[in-house]
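> Show me the folded form of this:
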Amino acid sequence: MTEAPRTNLGFFLTPPHKCGYLPGQNAVTVFLDPRRRPSMQTYTTLSQHGFRRSGDHVYRPQCPECQACIPVRLPVDEFELSRAQHRTLRANADITLIPKPPTFQQEHYQLYSRYIGARHAGGSMENPEPESYVEFLTASWADTVFYEFRAASRLLAVAVVDHLGDGLSAVYTFYDPDERSRSLGRLAILKQVELARALQLRWLYLGYWIADCQKMSYKTDYRPLEFFRDGAWRRERP
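Numbers count the residues shown, from 1 in each chain. Next up is the predicted model:
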């Protein structure tokens, strides 16, 4: 990874800790000074340099011996649907997208708990408490929206999205694990592309892609994908 962008905000490096993506690897993370409340302009600039948000924390991997975590983003005006993505939209024509404020709602929390139990069983996220759920998904300073995906009155998914100066940041999506045929994770990205276009924003930031991590492989299904390497965004896949 490149150095953090030069600002007067201040950054901190963590000691080496267990990598959450690659087994047997240690990781080092650079964090924006948590005492700061970044403006949208600052948060946008940091996103342009590969940073992400988790709760109030803005961070980026800075591992001295590994550059596997590569930030990726999608230029929404150039994105073209694949056949599978067309099918996903058709299969979910009954779904309505409803924006909600980033506050605790029991219905959201119950869906999140079911999703975590199905997708991350045995991991550190399993059996979340309401406090940890809110701390993970929200930030007091961010322009965050919880987008509900509903079929009639039934809640099927929630996409947590940060609005930036130049795009949207896909923070996290959780959905009904019993509705596999709907491909709700894919649908969430497609709807965020549509939303970014409607808002005349240029980018959808999708977080990190790791070549050797199966859970990250889906991101290369969205093209033309840009990869942040050596201080610049490039379209060549590493």
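> Could you tell me which ranges of this structure sit under the pLDDT cut-off?
1-7, 121-124, 126-127 (pLDDT under 70).
> Strands of that one, residue ranges please.
11-13, 17-18, 26-27, 29-32, 52-54, 57-61, 70-75, 95-100, 144-151, 154-163, 167-175, 203-209, 226-229, 232-234 (DSSP state E).
> tell me which residues in stretch 20-36 are buried?
By neighbour count on 16 or more other C-beta atoms under 10 Å, the buried set for stretch 20-36 is Leu22, Ala27, Val28, Thr29, Val30, Phe31, Leu32, Arg36. All C-beta spots, glycine's among them, are computed from the backbone N, C-alpha and C.
> Next, find the distance separating Tyr115 from Ala142.
Tyr115 sits 22 Å away from Ala142, taking C-beta to C-beta, to the nearest Å as the criterion.
> got the strands of the chain as a markdown table, with distance to Ala84 columns?
Shown next, in a markdown table, are the strands of the chain (distance: least, C-beta to C-beta, whole Å):
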| stretch | distance to Ala84 |
| --- | --- |
| strand 11-13 | 40 |
| strand 17-18 | 35 |
| strand 26-27 | 33 |
| strand 29-32 | 34 |
| strand 52-54 | 27 |
| strand 57-61 | 30 |
| strand 70-75 | 16 |
| strand 95-100 | 17 |
| strand 144-151 | 18 |
| strand 154-163 | 18 |
| strand 167-175 | 17 |
| strand 203-209 | 17 |
| strand 226-229 | 21 |
| strand 232-234 | 25 |
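> Leu195: what's it in contact with?
By C-beta atoms under 8 Å, 6 or more residues apart in numbering, the contact list for Leu195 reads Leu97, Tyr147, Val161, Leu168.
> Look up how far Thr29 lies from it.
Relative to Thr29, Leu195 is positioned 29 Å away (C-beta to C-beta).
> likewise His17?
Taking C-beta to C-beta, one finds His17 at 8 Å from Thr29.
> thinking again about what came up before, with the buried residues of stretch 20-36 in mind, which one is nearest to Glu226?
Val30 (21.1 Å; C-beta to C-beta).
> my read: that closest one touches Val58, true?
No. Using C-beta atoms under 8 Å, Val30 makes no contact with Val58, being 9.5 Å away.
> pretty sure Leu225 contacts Lys219?
Yes. When contacts are counted by C-beta under 8 Å, Leu225 is listed as touching Lys219 (6.7 Å).
> neighbour-wise, which of those two wins?
More neighbours surround Lys219 than the other of Leu225 and Lys219, with 20 against 17 (other C-beta atoms under 10 Å).
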